[in-house]
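> Got a sequence here, can you build the structure:
(one chain, ligands or ions: 2)
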Amino acid sequence: MPGTITGLRTLYDKIWDDHVVDVNEDGLALIYIDRHLVHEVTSPQAFEGLKNAGRPVRRPDCTLATVDHNIPTISRKSYKSVDTFVAEPDSRAQVMQLEENVKDFGLTYFGLSDKRQGIVHVIGPEQGFTASLHIYQDLPGITCVCGDSHTSTHGAFGSLAFGIGTSEVEHVLATQTLLQRKGKNMRITVDGELVEGVGSKDVILHIIGVIGTAGGTGSVIEYAGSVFRNMSMEARMSVCNMSIEAGARAGMVAPDEITFAYLRNRPLAPKGEEWDRAEAYWRTLKSDEGAKFDIEVNINAADIPPTVTWGTSPQDVVAITGKVPDPSTMSDPSKRASAERALAYMGLQANTPMEELSLQKVFIGSCTNSRIEDLRSAARIVLAAGPDAKVASNVQAMVVPGSGLIKQHAEAEGLDAIFKRAGFDWREAGCSMCLGMNPDQLAPGERCASTSNRNFEGRQGAGGRTHLVSPAMAAAAAMTGKLTDVRKFFGADAEEKVAAGPKLTLASAFDFLTEFTGSATEPERPSHAQTATPTLPSASSGSGVAKFVIVKGIAASLHNDNVDTDMIIPKQFLKTLKRTGLANALFFAQRFDPKTGEKTDFILNKSPYDQAKILICTGKNFGCGSSREHAAWALNDFGIRCVIAPSFADIFRNNTMQNGMLPLPLSEEDCKDLAKDAEAGMEIEVDLEKQEVRRSGKPTITFSTDPFRRHCLVNGLDDIGLTLQREEAIASFEEKRSALWSWLDGFGYQGQKIPVAGIKTGKKMEW
Ligand SMILES: CC(C)[C@H](C(=O)O)[C@@H](O)C(=O)O
Ligand code: SF4
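Ligands and ions are numbered 1, 2, ... in the order given. Presented below is the predicted three-dimensional model:
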């Protein structure tokens, strides 16, 4: 609660302190979660876990679900039901499963027939949960989670928002809390004037280029300085969204007048006296002058050019006026090797000017850039190309608004007409070609300018080649057919063309929100939640966790930096409703020839490494990118129980431990040495109890792990069972929360005890 820690504090420190429910002796905290967003891909196994254990959702009033990843973006004019609309069977099953789960657990759901449906990170900020729950999603000072890595988006409001894996989704559904160790404070300050043509997307791409995709690992980034202060809420969302691409757990911007103006008078935001109290609290949410940051990065705004990526990692950035880098000039051998691999995948020659790269596709959309401002800035470029200008003949271009409300808003402003007239495809809301879990995908070898956030191998379709850009640059590229400096569409001539174009009426987002402000009604609670029988907390009452004591066996080695979870398991395997059956999906694109389906000579296909129990990666930042717990499940299914690497991405690390696996960070030197022995066929033994790695005839490597995590792994304990034993602490936190921050409770919660699985009389479990 406020004031438990004295001294100067950062914004992150303050939000953290205000959410600590309980702390273990070793500093692992149980923190309260104010908002939980749910989508169809990362939730089925979590709901299954709840059902198996007879546990209800603790706070349906703070939980919002939608469908976004799997859904087709074709017209919904003839939409009748998911059953008939979603053609692909696995996608359909996942969407239908969510529909069943929200009914079973009494959750608020924006489904396909609801105009508020859209990408999970777009719908909350614009609307709030629902009239009946009478609650606003994105407010300063809250904690917000979702089984999705881009939850960092919501930090734009001055909140602590981060992605989690499916086991943690289950934990939040059951307990409304999470076990967390506090991260580092990192501040990125960008001051000065941005040059013409540079927007929020260029700023964040440039930042990732400077600090690298592992630069923010273990940290929460606060964006500070005049550039962010001057940004709209939407631009701040684009920046915070990509914090995960910089390896950070979360990104945030302190709330200010721009934040308050965005929220004030929104239908579901606090009102009257409650607004005044909320605003007074929100005004305290900024880093104290002189507060200590563990890492500080300062960037001069004038140094940021319109930026584009050339490679297969978001850190592979270059100015649009620049050239494809030349690996032969790179002195670091691992950087050189990854650049060579990236150029080969991207079909690029070193030193080719970026503006000479021809495209086949342009995608404007995703949770990074599908908001109204993004669409306006893209449409402005289309107008600047002239009244008869059309999308280049070599290009297919699509615009996918982030939500049904944004689509409606854009149509009211006439933006759709501008796009359509120029030959863009105007679609319905969803994740679409950002990752292509639906039919919107790149064909092998196709090159795409995309406003999304990831350019990983195969991200937008197997063999597809992605260049990340801003919405304005994407529009410019669509019109010319090549990657293009957006500044070519600026100047007096361009202004004249824009002025001569259709008169656009700027509409306000508020115009599209009002229809949902009907009188608040009590949400219907399903009988399941009301009658949930109390269950004794035990390690086996949830999904069940395998013990990890000693693992000894063959180890396979990998030598890449930034092995991302898209590479560990590509999107097509995320459609499963189960946690198992994914062994063949592991490193699928590397293990199977895309043309013949035959096994390649990838290490995990070769004997004896096809029996590996341990994976040793000599490159850092293993498991970066998406929060998909499927990556851990696939490794586990293959038989790999321990991954050793110099460093891990935060969400991946948690996901492995939730599945009884050990992510073991060792020095680069140790990793290289172990990899050498593994390549010589030597067995490796990892002993978690003794915290040792042993090999015959070699000195033992010792390591230390988090005591709580070690205890849970060695005993195969389930976090949820343990957390439910802290019911008293959670309930008393909720009481204080209702008193201090009344605007955080949904209408459905007030005056009503949300049923919780009984936990008071259970045998205490050891921590
Ligand atoms: C499906 C989900 C786990 C994933 C994520 O966490 O990011 C997806 O949204 C993505 O962008 O890859
Ligand atoms: S990154 Fe792409 S796939 Fe992931 S939530 Fe955002 S739009 Fe959807």
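> Not counting residues beside it along the chain, what's closest to Ser243?
Gly251 (2.9 Å; CB to CB, 6 or more residues apart in numbering). All C-beta spots, glycine's among them, are computed from the backbone N, C-alpha and C.
> Identify the residues contacting that neighbour.
Counting by CB atoms under 8 Å, 6 or more residues apart in numbering, Gly251 touches Ser152, Gly155, Gly216, Val220, Ile221, Glu222, Tyr223, Val239, Cys240, Asn241, Met242, Ser243.
> Name all residues that make contact with the third one.
The neighbourhood of Gly216, defined by CB under 8 Å, 6+ apart, consists of Met186, Ser243, Ala246, Gly247, Ala248, Arg249, Gly251.
> Sketch out the helices for the stretch 451-600 of the chain, chain order is fine.
In the stretch 451-600 of the chain, the segments counted as helices under DSSP state H, counting those that start in this stretch are 471-480, 492-500, 527-530, 565-568, 588-591.
> Minimum distance to Gly49: which of these has it?
Proximity to Gly49 (CB to CB) singles out helix 527-530 among the helices of the stretch 451-600 of the chain, at 14.3 Å.
> Show me what the mean pLDDT comes to for the closest one.
For helix 527-530, the mean pLDDT works out to 39.
> And stretch 324-344, by the same measure?
Averaging pLDDT along stretch 324-344 yields 94.
> Tell me which residues are up against that stretch.
Under CB under 8 Å, 6+ apart, the answer for stretch 324-344 is 310-313, 316, 318, 348-354, 559-562, 618-619.
> ok, now how distant is the single nearest residue of the stretch 201-350 of the chain relative to ligand 1 from Asn560?
In the stretch 201-350 of the chain, the residue that lies nearest ligand 1 is Ile244 (7.4 Å; CB to the nearest ligand atom). Distance, Ile244 to Asn560, by CB to CB, to the nearest Å: 19 Å.
> Which one's more surrounded, the two?
Remark: of Ile244 and Asn560, Ile244 carries more neighbours, 31 against 17, as counted by other CB atoms under 10 Å.
> In contact with that one, which residues?
Ile244 sits next to Ser149, His150, Ser152, Gly163, Gly625 when contact means CB under 8 Å, 6+ apart.
> Phe363 reaches Leu435, doesn't it?
No. Phe363 is not in contact with Leu435 according to CB atoms under 8 Å; the separation is 10.8 Å.
> do you know how far Val297 is from Tyr223?
In this structure, Val297 and Tyr223 are 10 Å apart, going by CB to CB.
> Could you tell me which residues touch both of these two?
Common neighbours of Val297 and Tyr223 are listed as Ile188, Thr189 (criterion: CB under 8 Å, 6+ apart).
> Looking at those two, which is more packed in?
Higher neighbour count among Val297 and Tyr223: Tyr223, with 26 against 17, using other CB under 10 Å.
> Quick check, that one in contact with Ala250.
No. If you go by CB under 8 Å, Tyr223 and Ala250 don't touch, sitting 11.1 Å apart.
> Mutual contacts of the two, please.
Common contact partners of Tyr223 and Ala250 (CB under 8 Å, 6+ apart): Cys240.
> Does Leu178 belong to a helix, a strand or coil?
Using DSSP: H, G, I helix; E, B strand; the rest coil, the secondary structure recorded for Leu178 is strand.
> Now do it, the pLDDT please.
So Leu178 comes in at 98 (pLDDT).
> for it, which residues make a bridge with it?
Judged by DSSP bridges, the bridge partners of Leu178 are Ile31.
> contacting residues for the residue of the stretch 201-350 of the chain found nearest ligand 2?
Closest to ligand 2 within the stretch 201-350 of the chain is Asn241: 7.6 Å, counting by CB to the nearest ligand atom. By CB under 8 Å, 6+ apart, the residues touching Asn241 are His121, His150, Ser152, Thr153, Ile204, Gly251, Cys367, Thr368, Asn453.
> now Ile258
The contact partners of Ile258, by CB under 8 Å, 6+ apart, come to Arg229, Met231, Ser232, Met233.
> let's go with 10 Å and repeat that
Neighbouring residues of Ile258 by CB atoms under 10 Å, 6 or more residues apart in numbering: Ala156, Phe228, Arg229, Asn230, Met231, Ser232, Met233, Ala235, Arg236.
> Neighbour-wise, give me the winner out of the residues you listed.
Going by other CB under 10 Å, Ala156 tops these with 31 neighbours.
> Next, the contact list for Asn298, please.
Contacts for Asn298 (CB under 10 Å, 6+ apart) come out as Arg187, Ile188, Thr189, Val190, Asp191, Ala224, Gly225.
> hmm, try it at 7 Å
Contact partners of Asn298, counting by CB atoms under 7 Å, 6 or more residues apart in numbering, are Thr189.
> beta partners for it?
Applying DSSP bridges, one finds that Asn298 bridges with Thr189.
> Could I get the pLDDT score of it?
So, for Asn298, pLDDT stands at 98.
> Determine how far the last residue of stretch 465-478 lies from the first.
Taking CA to CA, to the nearest Å, the first and last residues of stretch 465-478 lie 16 Å apart.
> Thr151 versus Ile569, what's the distance?
For Ile569, the distance to Thr151 - CB to CB - is 20 Å.
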